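Enquirer: no sequence on this one, just coordinates:
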């Protein structure tokens, strides 16, 4: 050892030494405080979490496993203990930051400071892009706003499968009706959120597929169906490194989701190897169920506070179980950098900040446009000309009545909303003052559709009529049906009778019935497009954005086309406790349509473009590395993107649906250009079925059918591969 003596008489020297010491401290976290070795960033997150757990008292550990035990819990402007939707206090002795958790899956929801964050397109909406780059951009942008608000846990994204077309929360969930779609799309979202220093929360685990009786329905699902249909999106989140998950309100096979040892401790943590923590949905904790796999009670401390302390003290619950839960919380906090940010990063006063920006407004607009699906376009009525139209009639939900978002914890109060009427006018250089605007060449006239005769009158004299219709839904209840309400179907029919160039734009939280499809020239849907709805749809209508989005769900012909019995949904008896039986097993969405030979109104994966594409030269390589490739050509006249899809048909002995999605890619091509599209097939994932006897996936050998096409029903190339 040696002692260095420095003469500090010189003021410049003193300053230099102070700067050097500060630099050393910044470069070597272990030098900041020798009593806190877990702050050494050169160590792995696992090492840091283990070292910290070892220094914690039992009381300090348990304090991390619940929200505030008393007082307000969920967004206040008086205290750090209740500032966010979910709150876990900091530990000043050990330097543990607070956990500031906030809704929701499509933007930062603030009751205290509404309008200070971006109302992004919903999860189902962005999923319609079938584009991993768009999903990453959505995740990054949301994550930044959460970080700027002082939140370090985003309570999203939502991943549940759209088993029930009328589920009130389908708009929140990015999986649509296909597990492979969810598995693929969730990964860039998780990485995008967590790259901003915010822990993502995948929800709602699991089978949270209805809102009717959600606090007392048992979703009865066999093991194979769980692993093949409902777990893959959550597995995708795990593979992307998600830090936390939220268990759901419902029961699973007669056990509450948040105290279910099979689905939590077994399937999630052991089989799928999830290393982060499980928090309950708000009020979904029913017992001190830490041994069953629940790590944290939200939003209060009814079971995981004093009750847990008493259970540890009397030996009913081992302290090792508590330590494991705390480790699972600390691990992502270290891995994602929550510990390594300045304390001011998690200052609850940041809740009041306006975190919107011009950049995010532009991203929201791009996402809304890129998620708009062109379902029908007879005689190329779209795109509209910006110069040759004399008049445009805009009718229906296109003004202040526009539907841009769903309700509940997934809602966000927009910082502003651009209505479709505004977006169309601005696209033409018109300032929309009142119900009529003109640029001297084109007149745009708006009618809200409440008076059908008045709407027909403006449509009859216009060059083109655009009818905006829609419905919404919310957490807490399922939709009463799949129809448009308030006479909107009749409005469309009447307008179409008055104008042969009628275009319909549908805003919907999920599947919708469209009995008037054959009566109109064009149909588009943009689901729940967010605050930039008007600008996004105008970009598509006038061709500044060539539509490329695809349906992540099937659009049916009739109500309950899949023939769910009350036993399947909403369950029996109608008063709780209710049993909902998944007797359809794997045949959900397009799989049911294929299995029963029914042609839907619009198929899963369907979506048109302003250009055309050709598929040719299919090649299947079933050697050591399985792959499928083909040539894709833009045979139209403008730049555009196509989303080719790969489906596999298993050998009949496997007992799978006729075909299942196993690949997709958004491909942009200039007019006249061609490219090779290549899909790798992972046999252990893509060619395997779950064996409930051995509790693992088994590779299925035999001859597979290979389908490549533009939707589940529009198959353009076919081949086969053999797994010997």
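Expert: Right, received. Where do you want to start? Quick caveat, the model's predicted, so the values are computed rather than measured.
Enquirer: which strands and helices lie in contact with the strand or helix carrying residue 234?
Expert: Here residue 234 is covered by helix 232-239, with elements defined by DSSP states H and E. When contacts are defined as 3 or more CB pairs under 8 Å, 6 or more residues apart in numbering; DSSP states H and E, helix 232-239 sits against helix 179-194, strand 199-205. Quick note: C-beta positions are derived from backbone N, CA and C, even for glycine.
Enquirer: where does the stretch 601-724 of the chain have low pLDDT?
Expert: Applying pLDDT under 70 to the predicted model, the stretch 601-724 of the chain contains no residue that meets it.
Enquirer: so which residues of it form helices?
Expert: Read by DSSP state H, counting those that start in this stretch, the stretch 601-724 of the chain holds these helices, from start to end of the chain: 683-686.
Enquirer: quick one: contacts for residue 504?
Expert: Neighbouring residues of residue 504 by CB atoms under 8 Å, 6 or more residues apart in numbering: 466-469, 492, 514, 516, 520, 522-524.
Enquirer: er, residue 538 I mean
Expert: Going by CB under 8 Å, 6+ apart, residue 538 touches 420, 423-424, 426-427.
Enquirer: repeat for residue 233
Expert: Contacts of residue 233 by CB under 8 Å, 6+ apart are 159-161, 174-175, 179, 182-183, 186, 202.
Enquirer: quick revisit: take the contacts of residue 504 and keep only those in strands.
Expert: Within the contacts of residue 504, residues falling in strands by DSSP state E are 466-469, 522-524.
Enquirer: quick check: residue 335 vs residue 54, distance?
Expert: Taking CB to CB, to the nearest Å as the criterion, residue 335 is separated from residue 54 by 18 Å.
Enquirer: more neighbours, these two?
Expert: More neighbours surround residue 335 than the other of residue 335 and residue 54, with 20 against 10 (other CB atoms under 10 Å).
Enquirer: hang on, isn't that one packed against residue 241?
Expert: Yes - Residue 335 lies in contact with residue 241 (CB atoms under 8 Å); the separation is 7.3 Å.
Enquirer: just the strands in the stretch 301-450 of the chain please.
Expert: For the stretch 301-450 of the chain, the strands defined by DSSP state E, counting those that start in this stretch occupy 373-377, 391-396, 436-438, 443-447.
Enquirer: which of those strands sits most buried?
Expert: The highest mean neighbour count among these belongs to strand 391-396 (a mean of 26), with neighbours defined as mean count of other CB atoms under 10 Å.
Enquirer: just checking: what are the partner strands of that one?
Expert: Strand 391-396 has these partner strands in its sheet, going by DSSP bridges: strand 443-447 (parallel), strand 464-470 (parallel).
Enquirer: buried residues, whatever helix or strand comes next after the shortest one. List them.
Expert: Following the chain from strand 443-447 toward its C-terminal end, the next helix or strand by DSSP H and E is helix 452-460. Within helix 452-460, the residues that count as buried by 16 or more other CB atoms under 10 Å are 452, 455-456, 458-459.
Enquirer: for stretch 418-432, same thing?
Expert: Applying a neighbour-count criterion of 16+ other CB under 10 Å, one finds 418-428, 430, 432 buried in stretch 418-432.
Enquirer: worst-scoring helix or strand of this protein, pLDDT-wise?
Expert: Across the helices and strands of the chain, mean pLDDT, DSSP states H and E gives its lowest value to helix 11-27, namely a mean of 39.
Enquirer: which parts of the stretch 301-450 of the chain are helices?
Expert: Taking DSSP H, counting those that start in this stretch to define them, one finds helices in the stretch 301-450 of the chain at 306-313, 319-335, 358-370, 420-427.
Enquirer: and what of the stretch 451-600 of the chain?
Expert: In the stretch 451-600 of the chain, the helices defined using DSSP H, counting those that start in this stretch lie at 452-460, 488-498, 533-541, 590-596.
Enquirer: as CSV, the ones you listed with mean pLDDT and distance to residue 254 would be great.
Expert: Below are those laid out as CSV (pLDDT from 0 to 100; distance: least, CB to CB, whole Å):
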stretch, mean pLDDT, distance to residue 254
helix 452-460, 98, 51
helix 488-498, 98, 41
helix 533-541, 98, 43
helix 590-596, 98, 26
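Enquirer: these: which one's closest to residue 371?
Expert: Among the helices of the stretch 451-600 of the chain, helix 533-541 comes nearest to residue 371, with 7.8 Å by CB to CB.
Enquirer: what is the orientation angle of the closest one with strand 464-470?
Expert: On the basis of axes from the mean of the first three to the mean of the last three CA atoms, to 10 degrees, helix 533-541 is oriented at 140 degrees to strand 464-470.
Enquirer: ok, back up a step: most surrounded residue in the contacts of residue 233?
Expert: Ranking those using other CB under 10 Å puts residue 159 first, with 34 neighbours.
Enquirer: what's the closest non-adjacent residue to that residue?
Expert: Once flanking residues are discounted, residue 159 sits nearest to residue 233: 4.0 Å by CB to CB, 6 or more residues apart in numbering.
Enquirer: with residue 431 instead?
Expert: With CB to CB, 6+ apart, the residue lying closest to residue 431 is residue 437, at 6.5 Å.
Enquirer: wait, that neighbour sits on residue 443?
Expert: Yes - with the criterion set as CB under 8 Å, residue 437 and residue 443 qualify as a contacting pair; they are 7.4 Å apart.
Enquirer: my read: residue 293 touches residue 265, true?
Expert: Yes - using CB under 8 Å, residue 293 is in contact with residue 265, at 3.7 Å.
Enquirer: between these two, which is the more surrounded one?
Expert: residue 293 (24 against 18).
Enquirer: skipping adjacent residues, who's closest to the more buried one in space?
Expert: For residue 293, the spatially nearest residue (CB to CB, 6+ apart) is residue 264, at 2.7 Å.
Enquirer: tell me the spacing between the one you found and residue 582.
Expert: Using CB to CB, which is the criterion applied here, residue 264 is 19 Å from residue 582.
Enquirer: with residue 191 instead?
Expert: Distance from residue 191 to residue 582, by CB to CB: 31 Å.
Enquirer: got it, and residue 398?
Expert: For residue 398 relative to residue 582 (CB to CB), the value is 40 Å.
Enquirer: more neighbours: which of the two?
Expert: A direct count of neighbours by other CB under 10 Å for residue 398 and residue 582 places residue 398 higher, at 27 against 20.
Enquirer: my guess is that one meets residue 419, correct?
Expert: Yes - applying CB under 8 Å, one finds residue 398 in contact with residue 419, separated by 6.0 Å.
Enquirer: perfect, that will be all.
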